[in-house]
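Undergrad: got a predicted structure plus its sequence, pasted below:
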Amino acid sequence: MSPNTILEQGSEFEALKAQLLQAQKLSSVGAIASSVAHEFNNILTSLLNYTKLAMKSQDEDFRNQALDKILKSSQRAATIVNSMLGFARKSSVKKEPVSLAKLLDEVLVLTEKDLHKHQIKLNKIIHDEPTAPVVAVHIEQVLLNLIINARQAMKSGGTLKVELKTCPEQEVAEIIVSDTGHGIQPDNLRKIFDPFFTTKDPDNNNQGGTGLGLSVCRQIIENHQGRMRVESILGKGTSFIIKLPLKAEEETQNTFAETLKTL
């Protein structure tokens, strides 16, 4: 096989991988699009109603209250739009120092109404706010996928716990996404990250059931030199634990080299 053929195959593989990442991202957005659209409709209704009331009222205090409602609704809409734009930005392979707490907040803004609609309580625990070198849109994609999976595992409602902390001794940031759903069969735990393996049937919107989501998530985390594992107790719930390096790979190598010099 010639070098040119190898290069062509490598380019085709990277292109297919990029298409898979994009397809999975669109699938995740599609799963919450209805809730986001519904929230926008509520915001617009609120804006229109309070604007009409403010225009009709001669009471200055009431008009100020109406304007305050309009301002808060507008700010909420802007927050949602910024989160959507952040998630829709074009993917780049370049890793940059990013606040993981900020990324987490952007994803939770998009999923908040979807979780509320399915009677799921959110428990967000931010121990600290680590910064890590990541491709932001890829990590957002992982978090969105895990949150949607957790919601789908709690068909009768429950609690979603999202935890972020730093592990200084390991020089990693740790993100834990836990649900109180039905759990995963022990025999399936070792296969949960395998491509096309799934325990879910597609719903009416053909969401879920492809078996690609978790496989793509693990690939993204490993591309960041991180680790991803799952813990589950049948009937009690599931936790996905992500560990991301706090330093870029080259920084880690340089630190290791400097340590060797001192020995």
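TA: Happy to help now that I have it. Only a predicted model underlies this, so the values are computations on that prediction, with no experimental measurement involved.

Undergrad: helices of the protein, start to end?
TA: 3-56, 60-88, 100-117, 136-153, 186-189, 213-223, 249-261 (DSSP state H).

Undergrad: quick one: which of those helices has the weakest pLDDT on average?
TA: Lowest mean pLDDT within the helices of the chain: helix 249-261, at a mean of 46.

Undergrad: in this structure residue 153 contacts residue 182, no?
TA: Yes: the criterion here is C-beta atoms under 8 Å, and residue 153 meets it with residue 182 at 6.0 Å. Yep, even glycine has a C-beta here, placed from its N, CA and C like the rest.

Undergrad: now stretch 170-184: mean pLDDT?
TA: Here the average pLDDT along stretch 170-184 is 94.

Undergrad: okay, how far is it across that stretch, tip to tip?
TA: 28 Å (C-alpha to C-alpha, to the nearest Å).

Undergrad: likewise for stretch 174-189?
TA: Termini of stretch 174-189 sit 21 Å apart (C-alpha to C-alpha).

Undergrad: neighbouring contacts of that stretch?
TA: Residues from elsewhere that reach stretch 174-189, judged by C-beta atoms under 8 Å, 6 or more residues apart in numbering: 100, 104, 143, 146-147, 150-151, 153-155, 158-167, 192, 197, 199, 230, 232-244.

Undergrad: at 6 Å instead, please
TA: 146, 150, 153-154, 158-165, 167, 199, 232-243 (C-beta atoms under 6 Å, 6 or more residues apart in numbering).

Undergrad: same question for stretch 35-47.
TA: 70, 73, 77, 113, 114, 117.

Undergrad: so how many other residues sit close to the nearest residue to the first one once chain neighbours are set aside?
TA: Spatial nearest neighbour of residue 70, excluding adjacent residues (C-beta to C-beta, 6 or more residues apart in numbering): residue 50 at 5.0 Å. In terms of burial, residue 50 registers 20 neighbours under the definition other C-beta atoms under 10 Å.

Undergrad: what of residue 187?
TA: Neighbours of residue 187 (other C-beta under 10 Å): 7.

Undergrad: same deal with residue 142?
TA: When neighbours are counted by other C-beta under 10 Å, residue 142 comes out with 30.

Undergrad: one more: residue 222?
TA: For residue 222, using other C-beta under 10 Å, the count is 11.

Undergrad: got it, and residue 248?
TA: Around residue 248 there are 17 residues (other C-beta under 10 Å).

Undergrad: who are the contact partners of it?
TA: Residue 248 is in contact with residue 133, counting by C-beta under 6 Å, 6+ apart.

Undergrad: at 10 Å instead, please
TA: The contact partners of residue 248, by C-beta atoms under 10 Å, 6 or more residues apart in numbering, come to 95, 96, 97, 132, 133, 134, 224, 225, 254.

Undergrad: pLDDT check: weakest of these?
TA: Of all the contacts of residue 248, residue 254 has the smallest pLDDT value, namely 48.

Undergrad: that older thread, type out the PyMOL command that picks the buried ones from the contacts of stretch 35-47.
TA: To isolate the buried members of these in PyMOL, using 16 or more other C-beta atoms under 10 Å:
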select buried, resi 70+73+77+113+114
